[in-house]
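Peer 1: curious how this folds, go ahead:
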Amino acid sequence: MNYKLKKIVSSILAVVIAVFPAANAFACTRVLHNDSHGNFVTGRTMDWKEEIQTNLWAFPAGMKRIGGEGKDPIHWTSKYGSVIASAYDIATSDGVNEKGLSANILWLAESQYPVVKEGEKTLTISMWAQYVLDNFATVDEAVENFKNNRNNRIVI
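Peer 2: Okay, the predicted model is just below:
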């Protein structure tokens, strides 16, 4: 490992260790380092009040999905297979699809979500990461989709 990479990894590790004592918090933490040469290193904690009973799952393409509860949830069929880490076996907390796109959920208890209006489709926060992994090959595709589908609401 070269000196510069060691320094980056050491810096990120120091930040993660400094943040880790916040284990009683009701949020998750992500640290990102961009060296301005196109190299990114991230660190993540699951600062949760209890063990989230993580299991790893492999999902094939072609699965029929429902975006959660409510009057009119989004329905889709997955275009891409994925490998995910679950939270309580009911939500995708982290994952990567066969195209290399990754998605991660950070939780903040104080988050407020918009009220669902008549005619809006819903997607629960617990299904957001899986929706992204199932439907998009790139970040640009996902961003474009969410820009063009403003009638879809992410709800708890």
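
Peer 1: quick check: residue 126 is in a helix.
Peer 2: Yes: inclusion of residue 126 in a helix is indicated when DSSP: H, G, I helix; E, B strand; the rest coil is applied.

Peer 1: in a strand, residue 146, correct?
Peer 2: No: per three-state DSSP, residue 146 lies outside any strand segment and is helix.

Peer 1: so what's the residue count around it?
Peer 2: A count of neighbours around residue 146, defined by other CB atoms under 10 Å, yields 15. Backbone N, C-alpha and C define where each C-beta goes, glycine included.

Peer 1: also residue 68?
Peer 2: Using other CB under 10 Å, residue 68 has 18 other residues around it.

Peer 1: burial count for the residue lying closest to it once chain neighbours are set aside?
Peer 2: Nearest residue to residue 68 in three dimensions, chain neighbours excluded: residue 124, at 3.1 Å (CB to CB, 6 or more residues apart in numbering). Here the neighbour count serves as a burial measure; for residue 124 (other CB under 10 Å) it reads 21.

Peer 1: residue 124 and residue 138, how far apart?
Peer 2: Between residue 124 and residue 138 the distance, using CB to CB, to the nearest Å, works out to 24 Å.

Peer 1: ok, back up a step: identify the bridge partners of the residue nearest to residue 68.
Peer 2: Residue 124 forms beta bridges with residue 155, as assigned by DSSP bridges.

Peer 1: for it, report the pLDDT, please.
Peer 2: According to the model's per-residue confidence, residue 124 sits at a pLDDT of 87.

Peer 1: and residue 105, by the same measure?
Peer 2: 87.

Peer 1: try residue 73
Peer 2: At residue 73, pLDDT is 91.

Peer 1: quick check: it touching residue 121?
Peer 2: Yes: counting by CB atoms under 8 Å, a contact exists between residue 73 and residue 121, whose distance comes to 6.7 Å.

Peer 1: stretch 123-139: which residues count as buried?
Peer 2: By neighbour count, and taking 16 or more other CB atoms under 10 Å as the criterion, the buried residues in stretch 123-139 are 123-124, 126-136.

Peer 1: what's the closest of these to residue 58?
Peer 2: When those are compared for distance to residue 58, the smallest value, 11.7 Å, is given by residue 133; criterion: CB to CB.
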